[in-house]
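> Attaching a predicted model along with its sequence, questions to come.
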Amino acid sequence: MSFNDNIRLDPTRVGTSGAGRKVVGVGGGSLLGLLLVLGFSYFTGIDLTSLLSSPSVSSPSSSTVDVSTCRTGADANARVECRMVATAQSLDQVWKTQLTQQGTNVAYELPDFQIFTNSVSTACGNATSAVGPFYCPGDSTVYLDLGFFDDMVTKYGASDSVLAQEYVVAHEWGHHIQNLQGVFRAHDTRETGEQGAGVRSELQADCYAGVWMHWASTTRDPATGAYYLNTPTADELLGALQTAQAIGDDRLQAEYQGTSNPETWTHGSANQRAAWLQRGLDSGEIATCDTWSAPRV
(Lines give C-alpha, C1' and ligand atoms only; values in the text may rest on other atoms or scores of the structure.)
Protein backbone atom coordinates (compact mmCIF):
# COMPACT_ATOMS: atom_id res chain seq x y z
CA MET A 1 0.00 0.00 0.00
CA SER A 2 1.98 2.93 -1.28
CA PHE A 3 1.66 6.44 0.06
CA ASN A 4 0.24 9.39 -1.81
CA ASP A 5 3.28 11.31 -3.06
CA ASN A 6 1.79 14.60 -1.91
CA ILE A 7 1.28 13.95 1.79
CA ARG A 8 3.51 15.98 4.09
CA LEU A 9 5.77 14.24 6.57
CA ASP A 10 6.99 15.47 9.92
CA PRO A 11 10.38 13.81 10.51
CA THR A 12 10.20 14.60 14.22
CA ARG A 13 7.36 12.07 14.56
CA VAL A 14 9.90 9.23 14.65
CA GLY A 15 12.91 9.25 16.93
CA THR A 16 16.22 7.52 16.36
CA SER A 17 17.95 6.23 19.46
CA GLY A 18 21.10 8.05 20.51
CA ALA A 19 22.98 7.93 23.78
CA GLY A 20 22.02 5.23 26.23
CA ARG A 21 19.66 5.77 29.09
CA LYS A 22 19.59 4.11 32.45
CA VAL A 23 17.89 0.77 32.07
CA VAL A 24 14.97 -0.30 34.19
CA GLY A 25 15.73 -3.98 34.65
CA VAL A 26 13.27 -6.80 35.06
CA GLY A 27 14.40 -7.62 38.59
CA GLY A 28 12.24 -6.92 41.59
CA GLY A 29 9.09 -8.32 39.99
CA SER A 30 8.81 -5.80 37.16
CA LEU A 31 5.65 -6.72 35.26
CA LEU A 32 6.60 -4.55 32.31
CA GLY A 33 9.94 -6.25 31.88
CA LEU A 34 8.27 -9.63 31.90
CA LEU A 35 5.78 -8.37 29.33
CA LEU A 36 8.66 -7.52 27.05
CA VAL A 37 10.08 -11.01 27.33
CA LEU A 38 6.90 -13.06 27.32
CA GLY A 39 4.48 -10.90 25.42
CA PHE A 40 6.16 -8.91 22.71
CA SER A 41 9.00 -11.01 21.28
CA TYR A 42 8.62 -12.59 17.90
CA PHE A 43 11.00 -15.39 18.84
CA THR A 44 8.13 -17.31 20.31
CA GLY A 45 8.81 -20.19 22.65
CA ILE A 46 12.51 -19.38 23.09
CA ASP A 47 13.94 -18.08 26.37
CA LEU A 48 14.72 -14.39 25.84
CA THR A 49 15.84 -13.47 29.32
CA SER A 50 19.43 -13.22 28.13
CA LEU A 51 18.40 -10.36 25.87
CA LEU A 52 17.56 -8.16 28.84
CA SER A 53 20.12 -6.29 30.86
CA SER A 54 20.62 -6.53 34.58
CA PRO A 55 18.83 -3.93 36.70
CA SER A 56 20.26 -0.42 36.86
CA VAL A 57 22.80 -0.89 34.08
CA SER A 58 23.42 1.97 31.69
CA SER A 59 23.82 0.69 28.15
CA PRO A 60 24.42 2.84 25.07
CA SER A 61 22.39 2.46 21.95
CA SER A 62 23.35 3.75 18.57
CA SER A 63 21.64 4.54 15.32
CA THR A 64 22.74 5.30 11.80
CA VAL A 65 19.20 6.06 10.65
CA ASP A 66 18.49 9.62 9.53
CA VAL A 67 14.86 10.67 9.10
CA SER A 68 15.52 14.40 8.92
CA THR A 69 15.03 14.52 5.14
CA CYS A 70 11.71 12.63 5.18
CA ARG A 71 9.34 15.31 3.93
CA THR A 72 6.81 13.84 1.45
CA GLY A 73 4.94 10.70 0.58
CA ALA A 74 7.34 10.25 -2.32
CA ASP A 75 10.15 9.98 0.23
CA ALA A 76 8.13 7.33 2.07
CA ASN A 77 7.69 5.31 -1.10
CA ALA A 78 11.42 5.46 -1.81
CA ARG A 79 13.00 4.91 1.62
CA VAL A 80 12.03 2.56 4.43
CA GLU A 81 12.93 5.00 7.23
CA CYS A 82 10.64 7.63 5.69
CA ARG A 83 7.98 4.96 5.31
CA MET A 84 8.05 4.58 9.07
CA VAL A 85 7.38 8.31 9.51
CA ALA A 86 4.45 8.19 7.10
CA THR A 87 3.07 5.02 8.66
CA ALA A 88 3.19 6.56 12.13
CA GLN A 89 1.35 9.69 10.95
CA SER A 90 -1.27 7.59 9.18
CA LEU A 91 -1.78 5.42 12.26
CA ASP A 92 -2.12 8.53 14.43
CA GLN A 93 -4.81 10.03 12.24
CA VAL A 94 -6.75 6.80 11.73
CA TRP A 95 -6.85 5.94 15.42
CA LYS A 96 -7.57 9.49 16.53
CA THR A 97 -10.55 9.49 14.18
CA GLN A 98 -11.85 5.97 14.72
CA LEU A 99 -11.63 5.93 18.51
CA THR A 100 -13.88 8.97 18.48
CA GLN A 101 -16.24 8.05 15.65
CA GLN A 102 -16.77 4.50 16.91
CA GLY A 103 -17.73 5.74 20.37
CA THR A 104 -15.04 3.95 22.36
CA ASN A 105 -14.77 6.61 25.08
CA VAL A 106 -11.01 6.27 24.75
CA ALA A 107 -9.02 9.39 23.92
CA TYR A 108 -6.12 8.85 21.55
CA GLU A 109 -2.67 9.65 22.89
CA LEU A 110 0.33 9.61 20.59
CA PRO A 111 2.83 6.86 21.36
CA ASP A 112 6.50 7.48 20.83
CA PHE A 113 8.15 5.61 17.96
CA GLN A 114 11.85 4.85 18.16
CA ILE A 115 14.00 3.36 15.41
CA PHE A 116 17.14 1.82 16.84
CA THR A 117 20.15 -0.20 15.77
CA ASN A 118 21.64 -3.15 17.67
CA SER A 119 20.27 -2.35 21.14
CA VAL A 120 18.05 0.09 22.96
CA SER A 121 17.23 1.04 26.55
CA THR A 122 13.55 1.16 27.44
CA ALA A 123 11.28 1.26 30.46
CA CYS A 124 10.79 -2.47 29.86
CA GLY A 125 14.50 -3.27 29.90
CA ASN A 126 17.50 -3.15 27.62
CA ALA A 127 16.66 -5.02 24.41
CA THR A 128 18.74 -6.12 21.44
CA SER A 129 17.63 -6.28 17.84
CA ALA A 130 17.05 -10.02 18.29
CA VAL A 131 13.86 -9.28 20.22
CA GLY A 132 12.22 -7.89 17.09
CA PRO A 133 9.76 -4.97 17.03
CA PHE A 134 7.95 -4.42 20.31
CA TYR A 135 5.77 -2.02 22.26
CA CYS A 136 6.70 -1.06 25.82
CA PRO A 137 3.70 -0.03 27.94
CA GLY A 138 6.02 1.51 30.54
CA ASP A 139 7.03 4.36 28.24
CA SER A 140 4.25 4.06 25.62
CA THR A 141 6.78 3.56 22.85
CA VAL A 142 7.05 1.36 19.78
CA TYR A 143 10.62 0.17 19.17
CA LEU A 144 11.88 -1.11 15.82
CA ASP A 145 15.19 -2.04 14.27
CA LEU A 146 14.72 -1.67 10.50
CA GLY A 147 16.86 -4.75 9.98
CA PHE A 148 13.88 -6.81 11.11
CA PHE A 149 12.24 -6.26 7.75
CA ASP A 150 15.10 -8.10 6.05
CA ASP A 151 15.00 -10.82 8.69
CA MET A 152 11.28 -11.44 8.34
CA VAL A 153 11.81 -12.15 4.63
CA THR A 154 15.06 -14.13 4.76
CA LYS A 155 14.52 -15.97 8.06
CA TYR A 156 10.75 -16.29 8.33
CA GLY A 157 9.62 -16.36 4.70
CA ALA A 158 7.38 -13.31 5.08
CA SER A 159 6.45 -10.95 2.28
CA ASP A 160 8.81 -8.13 1.31
CA SER A 161 5.91 -5.86 0.36
CA VAL A 162 5.48 -2.35 1.71
CA LEU A 163 2.14 -3.28 3.28
CA ALA A 164 3.78 -6.20 5.10
CA GLN A 165 6.21 -3.74 6.72
CA GLU A 166 3.36 -1.42 7.61
CA TYR A 167 1.43 -4.33 9.12
CA VAL A 168 4.31 -4.98 11.55
CA VAL A 169 4.21 -1.37 12.74
CA ALA A 170 0.40 -1.32 12.86
CA HIS A 171 0.43 -4.46 15.03
CA GLU A 172 2.67 -2.74 17.60
CA TRP A 173 0.41 0.33 17.46
CA GLY A 174 -2.41 -2.06 18.27
CA HIS A 175 -0.69 -2.78 21.58
CA HIS A 176 -0.69 0.96 22.27
CA ILE A 177 -4.44 1.07 21.70
CA GLN A 178 -4.77 -1.81 24.15
CA ASN A 179 -2.70 0.12 26.65
CA LEU A 180 -5.05 3.09 26.32
CA GLN A 181 -8.01 0.74 26.80
CA GLY A 182 -6.55 -0.73 29.98
CA VAL A 183 -6.05 -4.22 28.55
CA PHE A 184 -2.75 -4.79 30.34
CA ARG A 185 -4.31 -3.89 33.66
CA ALA A 186 -7.33 -6.12 33.12
CA HIS A 187 -5.58 -9.23 31.79
CA ASP A 188 -2.42 -11.13 32.61
CA THR A 189 -0.87 -11.17 29.15
CA ARG A 190 2.03 -13.21 30.45
CA GLU A 191 -0.27 -16.21 30.28
CA THR A 192 0.78 -18.61 27.53
CA GLY A 193 -1.23 -21.17 25.58
CA GLU A 194 -3.34 -21.31 22.45
CA GLN A 195 -6.33 -19.73 24.22
CA GLY A 196 -4.35 -17.80 26.84
CA ALA A 197 -4.39 -14.07 27.52
CA GLY A 198 -1.04 -13.59 25.78
CA VAL A 199 -2.34 -15.02 22.51
CA ARG A 200 -5.62 -13.12 22.81
CA SER A 201 -3.70 -9.89 23.30
CA GLU A 202 -1.57 -10.48 20.22
CA LEU A 203 -4.50 -11.48 18.06
CA GLN A 204 -6.37 -8.35 19.08
CA ALA A 205 -3.33 -6.32 18.03
CA ASP A 206 -3.41 -8.12 14.67
CA CYS A 207 -7.09 -7.27 14.34
CA TYR A 208 -6.35 -3.64 15.17
CA ALA A 209 -3.71 -3.64 12.42
CA GLY A 210 -6.47 -4.76 10.08
CA VAL A 211 -8.71 -1.93 11.28
CA TRP A 212 -5.97 0.51 10.35
CA MET A 213 -5.61 -1.07 6.89
CA HIS A 214 -9.37 -0.74 6.38
CA TRP A 215 -9.34 3.02 6.96
CA ALA A 216 -5.85 4.12 5.88
CA SER A 217 -6.68 4.72 2.22
CA THR A 218 -9.74 6.83 3.08
CA THR A 219 -8.14 8.94 5.81
CA ARG A 220 -6.72 12.31 4.78
CA ASP A 221 -3.52 14.03 5.75
CA PRO A 222 -4.79 17.14 7.56
CA ALA A 223 -1.86 19.18 6.24
CA THR A 224 -2.59 18.60 2.53
CA GLY A 225 -6.04 17.01 2.28
CA ALA A 226 -4.58 14.09 0.34
CA TYR A 227 -5.37 10.52 1.36
CA TYR A 228 -2.46 8.97 3.20
CA LEU A 229 -2.37 5.75 1.22
CA ASN A 230 -3.53 4.38 -2.07
CA THR A 231 -6.08 1.56 -2.03
CA PRO A 232 -4.20 -1.71 -1.49
CA THR A 233 -4.11 -4.25 -4.27
CA ALA A 234 -5.11 -7.88 -3.80
CA ASP A 235 -1.43 -8.88 -3.96
CA GLU A 236 -0.50 -6.36 -1.26
CA LEU A 237 -3.22 -7.62 1.05
CA LEU A 238 -2.13 -11.20 0.41
CA GLY A 239 1.44 -10.24 1.33
CA ALA A 240 0.32 -8.81 4.68
CA LEU A 241 -1.72 -11.92 5.46
CA GLN A 242 1.19 -14.17 4.50
CA THR A 243 3.43 -12.17 6.83
CA ALA A 244 0.97 -12.63 9.71
CA GLN A 245 1.09 -16.36 9.03
CA ALA A 246 4.88 -16.46 8.74
CA ILE A 247 5.32 -15.15 12.28
CA GLY A 248 2.74 -17.46 13.82
CA ASP A 249 3.89 -19.42 16.86
CA ASP A 250 3.46 -22.81 15.22
CA ARG A 251 5.65 -21.91 12.26
CA LEU A 252 8.35 -20.18 14.29
CA GLN A 253 8.55 -22.97 16.84
CA ALA A 254 8.68 -25.64 14.14
CA GLU A 255 11.48 -23.73 12.42
CA TYR A 256 13.62 -23.11 15.50
CA GLN A 257 12.71 -26.06 17.71
CA GLY A 258 11.59 -28.74 15.25
CA THR A 259 8.15 -29.01 16.82
CA SER A 260 5.35 -26.78 18.07
CA ASN A 261 3.77 -26.83 21.51
CA PRO A 262 0.46 -24.89 21.72
CA GLU A 263 0.78 -24.69 25.50
CA THR A 264 3.73 -22.31 25.10
CA TRP A 265 2.25 -20.09 22.40
CA THR A 266 2.29 -16.34 23.06
CA HIS A 267 1.19 -14.84 19.73
CA GLY A 268 -1.11 -17.37 18.08
CA SER A 269 -0.87 -19.78 15.20
CA ALA A 270 -0.41 -18.80 11.56
CA ASN A 271 -4.10 -19.34 10.88
CA GLN A 272 -5.20 -17.45 13.98
CA ARG A 273 -3.07 -14.43 13.15
CA ALA A 274 -4.21 -14.22 9.55
CA ALA A 275 -7.86 -14.71 10.53
CA TRP A 276 -7.90 -11.88 13.08
CA LEU A 277 -5.99 -9.54 10.75
CA GLN A 278 -8.57 -10.30 8.07
CA ARG A 279 -11.42 -9.67 10.52
CA GLY A 280 -10.22 -6.15 11.28
CA LEU A 281 -9.50 -5.49 7.62
CA ASP A 282 -12.96 -6.58 6.50
CA SER A 283 -14.97 -4.72 9.13
CA GLY A 284 -12.94 -1.68 10.13
CA GLU A 285 -14.80 -1.98 13.43
CA ILE A 286 -12.93 -1.90 16.73
CA ALA A 287 -15.68 -3.92 18.40
CA THR A 288 -15.08 -6.91 16.11
CA CYS A 289 -11.59 -7.23 17.62
CA ASP A 290 -12.84 -8.31 21.04
CA THR A 291 -10.73 -11.42 21.46
CA TRP A 292 -11.46 -11.44 25.19
CA SER A 293 -15.11 -12.46 24.93
CA ALA A 294 -14.61 -14.97 22.12
CA PRO A 295 -15.02 -18.56 23.40
CA ARG A 296 -12.11 -19.56 21.19
CA VAL A 297 -9.74 -17.37 19.19
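That came in fine, so what should we check first?
> hey, where'd the helices end up in the stretch 101-250 of the chain?
Defined through DSSP state H, counting those that start in this stretch, the helices belonging to the stretch 101-250 of the chain, from first to last, are 147-154, 162-181, 183-186, 197-216, 234-246, 249-257.
> among those helices, which is nearest residue 114?
helix 162-181 (11.0 Å; C-beta to C-beta). From N, CA and C alone the C-beta is placed, and that goes for glycine too.
> and the angle from that closest one to helix 197-216?
For helix 162-181 against helix 197-216, the angle between stretch directions is 120 degrees (axes from the mean of the first three to the mean of the last three C-alpha atoms, to 10 degrees).
> Helix 162-181 - contacts with which helices or strands?
helix 80-101, strand 134-136, strand 141-144, helix 147-154, helix 197-216, helix 234-246 (3 or more C-beta pairs under 8 Å, 6 or more residues apart in numbering; DSSP states H and E).
> Now render the ones you listed as a markdown table, adding distance to residue 170, mean neighbour count and mean pLDDT.
What follows is those, written out as a markdown table (distance: least, C-beta to C-beta, whole Å; neighbours: other C-beta atoms under 10 Å; pLDDT from 0 to 100):
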| stretch | distance to residue 170 | mean neighbour count | mean pLDDT |
| --- | --- | --- | --- |
| helix 80-101 | 6 | 21 | 98 |
| strand 134-136 | 11 | 26 | 96 |
| strand 141-144 | 10 | 24 | 97 |
| helix 147-154 | 14 | 16 | 91 |
| helix 197-216 | 4 | 26 | 98 |
| helix 234-246 | 9 | 20 | 95 |
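> Reformat those as CSV; add distance to residue 271.
Written out in CSV, the entries for these read as follows (distance: least, C-beta to C-beta, whole Å):
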stretch, distance to residue 271
helix 80-101, 26
strand 134-136, 23
strand 141-144, 26
helix 147-154, 18
helix 197-216, 11
helix 234-246, 7
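> just so I know, which of the ones you listed lies nearest residue 184?
Between residue 184 and these, the shortest separation by C-beta to C-beta is 8.0 Å, and it involves helix 197-216.
> and the residue lying closest to residue 262 once chain neighbours are set aside, how many neighbours does it have?
Excluding the flanking residues, the one nearest residue 262 by C-beta to C-beta, 6 or more residues apart in numbering is residue 194, at 4.1 Å. Burial measure for residue 194: 18 neighbouring residues, criterion other C-beta atoms under 10 Å.
> and residue 194, what is it in contact with?
The contact partners of residue 194, by C-beta atoms under 8 Å, 6 or more residues apart in numbering, come to 262, 263, 265, 268, 269.
> Need the buried ones from those residues selected in PyMOL.
Buried members of those can be picked out in PyMOL with the line below, counting by 16 or more other C-beta atoms under 10 Å:
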select buried, resi 262+265+268+269
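> Just name the closest of the contacts of residue 194 to residue 117, please.
Of all the contacts of residue 194, the one with the least separation from residue 117 (C-beta to C-beta) is residue 268, at 28.9 Å.
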